[in-house]
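Trainee: sequence and computational prediction follow.
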Amino acid sequence: MSNLLSPKIAFAIVSFCIGQLGDGLNIFQGIYLNVELGWNETSVGIALSLMGLTALLVQTVAGDIVDKTSFDRRFFLVIASIFTAASASAVMIVQGDEHLFMYATKIVEGIASSFIIPCLAALTLANFGPDRFDEIMASNIFWGHVGSVTAALAAGGVAYAMYPDIKYCFLVIGISGIVAVFFIGFLPQGDHMMGRGLVSQKENALISKSDLPIDSNSSSSPNDIKELEPTSYAEIFSDRKTVILSLTLFFFHFSNANILLVLGEIMGGDDGQNAIPLIAGAIVIAQLTMSIATVVGGKLTTSGMGRKPLFLLGLISLPIRCLLIVYWKDAAKGFLLSTQVMDGIGGGLLDLIHPFLIADITYGTGRFNVLMGLTVSFKGLGATLSNFLGQMAVEYFGHAASIMGSFVISLLPIVLFHVFMPETLGDRSSNSSEFNTKMFKCGEEKNKSEQLELEMRDNGDGNYRVLT
């Protein structure tokens, strides 16, 4: 089926459907569990946080599995989409006292969803390589945001119309999963080796001896490049760029994740029905802005702008958003909704540049997806702590204090990234060249060893000698 659609269009459709499987509907699940099933806030909080906590533990392992697997990664993406959609839709059949069942479905959802991002990124890299990865990944992210907008509009409309019986809005997730599974069959498998950030078989064949620092009389072949094992975990995880990026993402999401929930509480108050369109509107505004930010950021990247200024722009949008919310907390709801534009700018640019940075750092090491998983885990840890501590701050100090706490924390990732993170634009080709050289040298040593073995002969007394 992969021949029926162009790869770029197939990836766009799959990204659109998978975008609707995101956790944006968790907010609607919280309203449903609280209003219709009568769950208290603690039980709702546990249910909604279990997915994030599970993904936090599984994400890095999932990335490592996607890197190492010998199976078709499309198979993993199909299974992940099915289980994510099924577990997220299971809230429709939860009864009032079935807490353990709901908790179990969120754990399954957390495990399954952990494979979606690394699988889609790996398939993108496998099909388009490092040169076109930025372009296609930007398209994937754009259509993912469009899918999130569509899901929020559809779910919000159904939930508002059928309030308080809003469970049918979760059919959006099930339908999205079915459509995603169908169109995954149109994705090409691509170059398996290149999908984990290693030099592809095609690149091996194109490398000439004149491009490598070796003796022209060497008996080694460029195809020996594939013999070297991927870079060690310790080397990748201890890289300064890895550490700074992980900490930056942690602090950003630590300060950011709780803000939408607090914003919804400020706008909706105790009126659950009116809160639904307001929350849906907040999601739509943010996702639409993210879509625009993705397009603009992608064009700027194509024109040669570095990763660092775009990433910093995304980081800076967060403290501005916090200050605007505090300033307008007693103003008309339209003013509060407008602050979601800043959320869209920040989320759009960070979601766009994040995989670019990972590809820059890891290409040629074979650890692309495991590092993607590690950094996503740091995002998840920050978001989990944000929701927990942010709501505690609301309970004891009020909404404005919680937002001001987010403002203070949001300054940390800006300073951290600006001072300590180097520009990575161009690192992808240099990492690949360095890795190629190391691989070729490994192959050269292997050939020398084999040659030496051929020159050894048994002298008849059980000992060996080297023939010179």
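Mentor: Perfect, I can see it now.
Trainee: next one, pLDDT for the residue positioned nearest the centre of the chain please.
Mentor: For the chain, the residue nearest the mean C-alpha position is Ile117 (5.0 Å; CA atoms, centre = their mean). Looking at Ile117, its pLDDT is 87.
Trainee: residue numbering should commence at 28 henceforth.
Mentor: Understood, numbering begins at 28; the last thing we discussed is Ile144.
Trainee: can you tell me the element it falls in?
Mentor: Ile144 belongs to helix 143-189 when assigned by DSSP states H and E.
Trainee: now do that helix: distance to the chain's middle.
Mentor: Put simply, helix 143-189 sits 10 Å off its chain's centre (CA atoms, centre = their mean, to the nearest Å).
Trainee: right, and the residue nearest to the centre of the chain touches Val403 too?
Mentor: Yes. Counting by CB atoms under 8 Å, Ile144 touches Val403, with 6.3 Å between them. C-beta coordinates here come from the backbone N, C-alpha and C atoms, glycine included.
Trainee: now do the same contact list for the residue nearest to Gly407 when sequence neighbours are not counted.
Mentor: Residue nearest to Gly407 in three dimensions, not counting chain neighbours: Leu83, with 4.1 Å by CB to CB, 6 or more residues apart in numbering. Going by CB atoms under 8 Å, 6 or more residues apart in numbering, Leu83 touches Ser404, Gly407, Leu408, Thr411.
Trainee: so is the third one in a helix, a strand, or just coil?
Mentor: Here Leu408 takes the helix state, with states given by DSSP: H, G, I helix; E, B strand; the rest coil.
Trainee: give the contact list for it.
Mentor: Applying CB under 8 Å, 6+ apart to Leu408 gives the contacts Leu83, Phe277.
Trainee: and the pLDDT at it?
Mentor: 88.
Trainee: one step back: name the nearest of the contacts of Leu83 relative to Phe383.
Mentor: For the contacts of Leu83, the residue nearest Phe383 by CB to CB is Ser404; the value is 18.8 Å.
Trainee: surely Phe415 is in contact with Ser76?
Mentor: Yes. With contact defined as CB under 8 Å, Phe415 reaches Ser76; the gap is 7.1 Å.
Trainee: settle it for me: which of these two has more neighbours?
Mentor: Using other CB atoms under 10 Å, the more surrounded residue of Phe415 and Ser76 is Ser76, with 18 against 14.
Trainee: ok, Leu147 to Ser140 distance?
Mentor: As for Leu147, its distance to Ser140 is 12 Å (criterion: CB to CB, to the nearest Å).
Trainee: cool, Val105 as well?
Mentor: Separation of Val105 from Ser140 (CB to CB): 14 Å.
Trainee: of these two, which one has the most company?
Mentor: In terms of neighbours (other CB under 10 Å), Ser140 is the more surrounded of Val105 and Ser140; the figures are 27 against 18.
Trainee: how near is the residue nearest to that one when sequence neighbours are not counted to Thr151?
Mentor: Leaving aside its sequence neighbours, Ser140 sits nearest to Thr111 (CB to CB, 6+ apart; 4.7 Å). From Thr111 across to Thr151, the span is 19 Å (CB to CB).
Trainee: could you do His172 as well?
Mentor: On the measure of CB to CB, His172 and Thr151 end up 16 Å apart.
Trainee: repeat for His126
Mentor: From His126 over to Thr151 the distance is 39 Å, taken as CB to CB.
Trainee: ok now the host helix or strand of Val88, how far from the chain's centre?
Mentor: Per DSSP H and E: Val88 is located in helix 68-95. On the basis of CA atoms, centre = their mean, helix 68-95 sits 13 Å off its chain's mean C-alpha point.
Trainee: mean confidence score for that helix?
Mentor: 84.
Trainee: what residues sit buried inside it?
Mentor: Neighbour counts over helix 68-95 (16 or more other CB atoms under 10 Å) mark 70-71, 74-83, 85-94 as buried.
Trainee: next one: stretch 288-296
Mentor: In stretch 288-296, counting by 16+ other CB under 10 Å, buried: Leu288, Val289, Leu290, Gly291, Glu292, Ile293, Met294, Gly295.
Trainee: hang on, the fifth one packs against Ser429?
Mentor: Meaning Glu292. No. The criterion here is CB under 8 Å, and Glu292 misses it with Ser429 at 9.4 Å.
Trainee: how near is Val185 to Glu450?
Mentor: Counting by CB to CB, the gap from Val185 to Glu450 is 46 Å.
Trainee: sorry, that was for Lys194
Mentor: Taken as CB to CB, the span from Lys194 to Glu450 is 49 Å.
Trainee: these two: who's more crowded?
Mentor: More crowded of Lys194 and Glu450, by other CB under 10 Å: Lys194, with 20 against 11.
Trainee: tally of neighbours for the closest residue to that one other than its chain neighbours?
Mentor: Using CB to CB, 6+ apart and skipping residues adjacent in sequence, the residue nearest Lys194 is Met119, 4.7 Å away. By other CB under 10 Å, 14 other residues sit near Met119.
Trainee: now do Gly361
Mentor: Gly361 has 10 neighbouring residues, counting by other CB under 10 Å.
Trainee: the closest residue to Gly65 other than its chain neighbours: what secondary structure?
Mentor: Nearest residue to Gly65, sequence neighbours excluded (CB to CB, 6+ apart): Gly123, at 5.9 Å. The three-state label given to Gly123 by three-state DSSP is coil.
Trainee: same question, Gly391
Mentor: Here Gly391 is coil, with the state taken from three-state DSSP.
Trainee: same thing with Asp192?
Mentor: Once three-state DSSP is applied, Asp192 turns out coil.
Trainee: quick one: the strand or helix carrying Leu379 to chain centroid distance?
Mentor: Counting by DSSP H and E, the element that carries Leu379 is helix 367-389. Taking CA atoms, centre = their mean, the mean C-alpha location of helix 367-389 is offset from the chain mean by 9 Å.
Trainee: ok, now stretch 364-384?
Mentor: Stretch 364-384 sits 13 Å away from the centroid of its parent chain (CA atoms, centre = their mean).
Trainee: now stretch 136-145
Mentor: Distance, centroid of stretch 136-145 to centroid of chain: 10 Å (CA atoms, centre = their mean).
Trainee: also stretch 100-112?
Mentor: The chain centre lies 15 Å from the centre of stretch 100-112; the measure is CA atoms, centre = their mean.
Trainee: touching it from outside, list them.
Mentor: Residues contacting stretch 100-112 (CB under 8 Å, 6+ apart): 41, 44-45, 48, 92-93, 96, 135-136, 138-143, 146-147, 149-150, 153, 200-201, 203-205, 207-208, 211-212, 214, 216, 219, 222.
Trainee: CA atoms only: put it into PDB for me.
Mentor: The C-alpha coordinates for stretch 100-112 follow below in PDB (Å, rounded to 0.1, in the frame of the first residue of the first chain):
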ATOM      1  CA  ARG A 100       8.800  -0.200  13.200                       C
ATOM      2  CA  ARG A 101       5.400   0.300  11.500                       C
ATOM      3  CA  PHE A 102       4.200  -2.800  13.500                       C
ATOM      4  CA  PHE A 103       5.100  -1.100  16.800                       C
ATOM      5  CA  LEU A 104       3.300   2.100  15.700                       C
ATOM      6  CA  VAL A 105       0.200   0.100  14.900                       C
ATOM      7  CA  ILE A 106       0.100  -1.700  18.200                       C
ATOM      8  CA  ALA A 107       0.900   1.500  20.100                       C
ATOM      9  CA  SER A 108      -1.900   3.400  18.300                       C
ATOM     10  CA  ILE A 109      -4.500   0.600  19.000                       C
ATOM     11  CA  PHE A 110      -3.700   0.300  22.700                       C
ATOM     12  CA  THR A 111      -3.500   4.100  23.200                       C
ATOM     13  CA  ALA A 112      -6.900   4.600  21.500                       C
END
